[in-house]
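In: Take this sequence and fold it.
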Amino acid sequence: VSSGSKPLDGYSANICRRYSDVAMKNVNSSRKNLLSKKTAIQEFMSTPTTQHSDVLLALQIDLEDVVREKLIHNIFSLDSPWHTLDHLLSQSAIEKNDQRVTSALLDHVTKHINVNKVVRLLRVLLRNPRRKKLGLQLHKGIIRMLFDAKINDAINLLLQEWGNDLPISVRNLMVEKCMDSALVGNIEGWESSILIEVASDKTAFDLETKFYLFSPAVNELVIPEADECEQDEVLMQFTEKAPQSIALTVEMADFFYSIFEKLEEASNHATLGVLARCKRFSIANLFLKERRSDDQGVLDEMSKVLTSYLSWNHQTQLLLSVVSTLFAHGTIHLLNHRLAEEEINYRSSDKLVMAALSSQSNVISRFRNCIGARLKELLDLPIRDIIRRQQLLTSLKESLKGVTDFSCTSILPKILVHEPFKSELDLLRKDLRMVQQLDL
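Out: Numbers count the residues shown, from 1 in each chain. From the prediction side, this is the model:
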């Protein structure tokens with residue numbers, strides 16, 4: 001019978017079996033390419049005499065992945081696919097077979113039976129002794145299907161699994177799926193309670209799991225180039241993650257702010273605590289203009305960080321570098337928003353800009369006070385106090401750069417820095433020129 005023949009319902013059983021045997025020889029032939037093998041497996045499955053026992057034997061063969069997928073996809077074309085399904089989900093099959101087969105089969109089950117029945121099927125697999133025999137791929141496949149089901153029975157199974165002793169990769173998958181849900185605005189359901197638990201618990205979760213909390217990308221956290229940073233295990237893991245860029249609502253920002261607040265408080269690692277604090281500030285910056293009554297709090301906290309004396313290490317360098325930029329960004333964000341409300345642009349006169357910013361005197365004063373305090377301390381410091389000088393120089397450099405980079409008009413750097421601190425900046429320039437003249 002040629003490969004282009006129509007269904008063989010009218011042929012004798014012997015002819016059909018010969019047709020099936022030829023098809024399987026083609027599947028196993030090293031001379032056939034993948035397309036020919038996929039065609040042959042389709043012919044094998046469409047033969048009227050092919051039974052579930054034949055399919056089970058075929059599944060034991062070392063088939064190419066795409067051929068195996070084709071075979072599994074066609075199981076439901078059989079008259080009695082449930083025999084095959086029942087066997088593959090039995091404890092003995094789970095123990096003996098490649099669980100990729102079972103996982104791929106489950107992917108196709110949802111196309112053929114009601115989601116409630118699928119969840120009942122998965123419940124069977126998650127009961128001992130079957131559960132103890134689950135490989136990682138199959139276990140993770142079950143978790144994904146339960147998340148996709150979105151019915152109460154599936155949620156109950158997921159919560160039950162969360163309470164079990166899970167392999168790290170399965171637990172991470174659950175956290176990742178919960179974060180995916182939060183990133184589309186589901187911040188009040190059971191998924192959010194799992195994220196809160198991960199953020200709040202000091203000992204139950206490893207760093208890899210906690211890093212899934214950093215998925216929302218609002219502002220890039222730039223890691224300073226320092227030898228200590230390159231040796232910091234936490235920073236190395238952190239920089240390997242690829243955060244998702246999303247548009248946060250005010251409610252989502254509140255939720256993630258609280259997540260990072262909890263993570264910062266519960267952190268038993270200095271670097272993780274610094275990263276959580278920076279992320280919290282970054283999220284708060286996004287909605288300063290919507291929360292004018294609250295903006296003093298987060299910007300005041302940043303100002304306090306920048307003017308406090310901190311022990312100098314690579315974590316401090318990271319904190320000062322990021323917070324200095326965020327402090328400038330938050331300040332300019334508020335001032336730019338005010339100028340936009342008054343329809344002020346880069347062509348507007350200085351007089352118009354100053355008039356528009358008259359209501360923002362507290363924002364301007366806070367920034368000036370923070371810059372002024374750091375400049376004064378830097379100028380008064382003994383030159384031998386290298387550590388504190390380095391702290392102040394790092395934070396001042398990033399703040400001044402942030403003002404220039406984020407301002408919508410050139411008058412803002414003038415108002416915030418160049419005019420009120422002209423004499424201090426001139427002194428620093430003279431110091432720099434004197435050092436350069438020494439030609440050390």
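In: now the strands for the protein?
Out: Assigned strands in the chain, in chain order: 216-217, 244-245 (criterion: DSSP state E).
In: Comparing those strands by mean pLDDT, which bottoms out?
Out: Out of these, strand 244-245 stands lowest, with a mean of 64 (criterion: mean pLDDT).
In: residue contacts, the closest residue to Glu377 other than its chain neighbours?
Out: Sequence neighbours aside, Leu392 is the residue nearest to Glu377 in space, at 6.2 Å (criterion: C-beta to C-beta, 6 or more residues apart in numbering). For the C-beta atoms, the positions are set from N, CA and C on the backbone; glycine is no exception. Residues near Leu392 by C-beta atoms under 8 Å, 6 or more residues apart in numbering: Arg374, Glu377, Leu378, Leu381.
In: Present the residues you listed as CSV; the columns should include distance to Arg277, neighbour count and pLDDT.
Out: Listed next are those as CSV, based on distance: C-beta to C-beta, whole Å; neighbours: other C-beta atoms under 10 Å; pLDDT from 0 to 100:
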residue, distance to Arg277, neighbour count, pLDDT
Arg374, 19, 21, 92
Glu377, 22, 16, 91
Leu378, 24, 20, 90
Leu381, 26, 13, 88
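In: Of those residues, just say which sits nearest to Leu432.
Out: The closest of these to Leu432 turns out to be Leu378 (C-beta to C-beta; 12.1 Å).
In: Next, count neighbours for Asp153.
Out: 16 (other C-beta atoms under 10 Å).
In: so what's it closest to, chain neighbours aside?
Out: Asp153's closest residue in space is Val119 (C-beta to C-beta, 6+ apart), at 4.8 Å.
In: Just give the number of residues close to that neighbour.
Out: Considering only other C-beta under 10 Å, Val119 is surrounded by 19 other residues.
In: check contacts around it.
Out: By C-beta under 8 Å, 6+ apart, Val119 lies in contact with Leu146, Ala149, Ile151, Asp153, Ala154, Leu157.
In: separation between the third one and Glu251?
Out: Taking C-beta to C-beta, to the nearest Å as the criterion, Ile151 is separated from Glu251 by 25 Å.
In: try the fifth one
Out: Here Ala154 is placed at a distance of 25 Å from Glu251 (C-beta to C-beta).
In: more neighbours, these two?
Out: Using other C-beta under 10 Å, the more surrounded residue of Ala154 and Glu251 is Ala154, with 20 against 11.
In: ok, that one - contacts?
Out: Val119, Leu122, Leu146, Phe147.
In: thought the second one was touching Ile142?
Out: Yes: Leu122 sits in contact with Ile142 when judged by C-beta atoms under 8 Å, with a separation of 5.3 Å.
In: How about Leu195: what's its closest non-neighbour residue?
Out: Closest to Leu195 by C-beta to C-beta, 6+ apart is Cys178, at 5.4 Å.
In: ok, that neighbour - how many residues close by?
Out: With other C-beta under 10 Å as criterion, Cys178 counts 26.
In: Val55 and Ser36: what is the separation?
Out: 20 Å.
In: pretty sure Leu334 is touching Leu286, no?
Out: No: Leu334 sits out of contact with Leu286 when judged by C-beta under 8 Å, with a separation of 12.0 Å.
In: Minimum pLDDT in the contacts of Val119, which residue is that?
Out: Lowest pLDDT among the contacts of Val119: Ala149, 87.
In: What backbone torsions are found at the one residue sitting closest to the centre of the chain?
Out: The C-alpha lying nearest the average C-alpha coordinate of the chain belongs to Ser215 (C-alpha atoms, centre = their mean; 2.6 Å). Main-chain torsions, Ser215, degrees, to the nearest 10: phi -60, psi -40.
In: Next up, the contacts around Leu378.
Out: Contacts of Leu378 by C-beta under 8 Å, 6+ apart are Arg389, Leu392, Leu393, Leu396, Leu428.
In: Quick check: the first one touching Ile383?
Out: Yes: when contacts are counted by C-beta under 8 Å, Arg389 is listed as touching Ile383 (7.5 Å).
In: So for those two, which sits in the more crowded spot?
Out: Legend: neighbour count by other C-beta under 10 Å for Arg389 and Ile383, higher for Arg389 (15 against 8).
In: per-residue confidence at that one?
Out: 86.
In: so what's it closest to, chain neighbours aside?
Out: Leu381 is the one closest to Arg389 (C-beta to C-beta, 6+ apart), at 5.6 Å.
In: ok, now how distant is that neighbour from Asp431?
Out: From Leu381 across to Asp431, the span is 11 Å (C-beta to C-beta).
In: re the thing from before, tell me the buried residues within the contacts of Ala154.
Out: Among these, those classed as buried by 16 or more other C-beta atoms under 10 Å are Val119, Leu122, Leu146, Phe147.
In: mind checking how far Leu320 is from Leu400?
Out: Distance from Leu320 to Leu400, by C-beta to C-beta: 13 Å.
In: okay, those two: which has more neighbours?
Out: Set Leu320 next to Leu400 and count neighbours by other C-beta under 10 Å: Leu320 wins out with 27 against 19.
In: what sits against Lys202?
Out: Ala266, Ser267, Asn268.
In: Quick one: residues contacting the first one.
Out: In this structure, Ala266 makes contact with Ala199, Ser200, Asp201, Lys202, judged by C-beta under 8 Å, 6+ apart.
In: what does the model give the spatially closest residue to the third one that is not a sequence neighbour for pLDDT?
Out: Looking back up the chat, that one is Asp201. Of all residues not flanking Asp201 in the chain, Ala266 sits nearest, at 6.5 Å (C-beta to C-beta, 6+ apart). If you check Ala266, the pLDDT there is 92.
In: I'd like the distance between Ala266 and Leu134.
Out: Ala266 sits at a distance of 31 Å from Leu134 (criterion: C-beta to C-beta).
In: low pLDDT regions in the stretch 201-350 of the chain?
Out: Scanning the stretch 201-350 of the chain for pLDDT under 70 picks out 217-231, 239-246, 289-296, 346.
In: could you show me where the helices are in it, in order?
Out: 207-210, 227-230, 233-240, 250-266, 270-286, 295-307, 314-341, 350-356 (DSSP state H, counting those that start in this stretch).
In: Output the ones you listed as a markdown table; include the columns distance to Ile364.
Out: Listed next are the helices of the stretch 201-350 of the chain as a markdown table, based on distance: least, C-beta to C-beta, whole Å:
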| stretch | distance to Ile364 |
| --- | --- |
| helix 207-210 | 38 |
| helix 227-230 | 34 |
| helix 233-240 | 35 |
| helix 250-266 | 25 |
| helix 270-286 | 17 |
| helix 295-307 | 12 |
| helix 314-341 | 7 |
| helix 350-356 | 10 |
